[in-house]
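Q: How does the following fold in three dimensions:
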Amino acid sequence: MTTYTSEHAAHLEKEFRQTQRGLIEVHGHAIAFSHNRLIHGEAKKYMLQGVARRLGLIRHTASRIFDIFPPGRMERRSHGSYWKMSMSISMRLFFM
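A: You can find the predicted model right below:
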């Protein structure tokens, strides 16, 4: 059972796609910046293993949430879907 109109669901999907493209772009900039501009090894390590990795995790987690709970979905999900999403989010937050 959805609480969004079809127009709102379409808007959310459009915004989600734009956000995903933005995260991909920022992720690419972080990697390029670390390779092209950073000289200090610790700074490179932080940028690649900290910032870039977390941006990738945020993008992936948002994608999983949107896949399992799309705003235009009309029927209820099974309890297993909620459990799977909860575990997925918990694991990603743990690794962040």
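
Q: From now on I want contacts and neighbour counts done on CA atoms only, so please keep to that.
A: Fine.

Q: Would you mind measuring from Lys44 to Val26?
A: Distance of Lys44 to Val26, computed by C-alpha to C-alpha, to the nearest Å: 16 Å.

Q: So which of those two has more stuff around it?
A: More crowded of Lys44 and Val26, by other C-alpha atoms under 10 Å: Lys44, with 19 against 16.

Q: helix or strand for Ala62, which one?
A: helix 53-68 (DSSP states H and E).

Q: Give me the buried positions along that helix.
A: Arg53, Arg54, Leu55, Gly56, Leu57, Ile58, Arg59, Thr61, Ser63 (16 or more other C-alpha atoms under 10 Å).

Q: So the third one sits against Leu23, correct?
A: Yes: with contacts counted by C-alpha atoms under 8 Å, Leu55 reaches Leu23, the gap being 6.8 Å.

Q: Low-confidence stretches in this structure?
A: Within the chain, the stretches with pLDDT under 70 are 1-2, 73-85, 87-96.

Q: Swap in 90 and give it another go.
A: Residue ranges of the chain with pLDDT under 90: 1-10, 12, 30-31, 34-96.

Q: Regarding it, what is its longest helix?
A: The helix that spans the most residues within the chain, counting by DSSP state H, is helix 6-36.
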